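In: No letters, just coordinates:
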């Protein structure tokens, strides 16, 4: 939808003030923790599991199936919602899923410029940087620079396409299959797929 160049700043040294709702959540969490009703370490582990395991593994299985099954890949690119349902995935936040394919000449990047719309059933919880204003603005304005700062250098001769998720449609990137994996089983391929590659900030 948009082609440009980009940048990401995590504000590690200059934290932004909490939004009102974030401040309220932090205050409630502090009270519950003081009263012994909330184990923050356990909460963090649950959140980490959703961020790195459950959702992203669903997406990784979807990508691996597309890599080994051309018919499934065609369905995935035609109707992502129906195709992920074939694997038992779907529901809220993925009612209209569009899958975009990376090729040698095209690299796709997903952002939500308005808030943090994100396909939870296949990617889990959105990472903090995905929701940050710098990522949301610079992904559209200057994605090539943004990706380079995040460790992904996209050659100048590769077109970058930026897809803006919304409440109506969510996007998932189908990464290129890594070279040298021709003999890999489907579960071995799935283990290679990262959440960041399915957002488009990493190239496998």
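Out: Perfect, I can see it now. Since the structure is predicted, the reported quantities are computational estimates derived from the model, not experimental observations. Residues are numbered from 1 along each chain as shown.
In: How about the contacts made by residue 77?
Out: Applying C-beta atoms under 8 Å, 6 or more residues apart in numbering, we find residue 77 in contact with 99-101, 174. C-beta: built from backbone N, CA, C; applies to glycine.
In: Reformat those as JSON lines; add distance to residue 32.
Out: Listed next are the contacts of residue 77 as JSON lines, based on distance: C-beta to C-beta, whole Å:
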{"residue": "99", "distance to residue 32": "40"}
{"residue": "100", "distance to residue 32": "41"}
{"residue": "101", "distance to residue 32": "45"}
{"residue": "174", "distance to residue 32": "41"}
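In: Neighbour-wise, give me the winner out of the residues you listed.
Out: residue 99 (27 neighbours; other C-beta atoms under 10 Å).
In: Against residue 71, how distant is that one?
Out: 15 Å (C-beta to C-beta, to the nearest Å).
In: Likewise for residue 62?
Out: On the measure of C-beta to C-beta, residue 62 and residue 71 end up 14 Å apart.
In: just residue 200 next, same as before
Out: Taken as C-beta to C-beta, the span from residue 200 to residue 71 is 25 Å.
In: Kindly report the same for residue 91.
Out: From residue 91 to residue 71 the distance is 24 Å (C-beta to C-beta).
In: What are the boundaries of the strands in this structure?
Out: 97-101, 106-111, 159-164, 170-174 (DSSP state E).
In: Of residue 200 and residue 71, which one has the most company?
Out: It is residue 200, of residue 200 and residue 71, that has more neighbours when counted by other C-beta under 10 Å, with 27 against 8.
In: surely the more buried one meets residue 108?
Out: Yes - checked against C-beta atoms under 8 Å, the pair residue 200 and residue 108 is within contact range at 5.0 Å.
In: Between these two, which contacts overlap?
Out: Common neighbours of residue 200 and residue 108 (C-beta under 8 Å, 6+ apart) are 102, 173.
In: what about residue 202, how many neighbours?
Out: 16.
In: again with residue 194
Out: 17.
In: ok, it touching residue 200?
Out: No - applying C-beta under 8 Å, one finds residue 194 not in contact with residue 200, separated by 11.0 Å.
In: can you pull the buried residues of stretch 62-82?
Out: 62-67, 72-73, 75-76, 80-81 (16 or more other C-beta atoms under 10 Å).
In: Next: stretch 196-204.
Out: Buried residues in stretch 196-204 (16+ other C-beta under 10 Å): 196-204.
In: Ok, stretch 104-112 next?
Out: 107-112.
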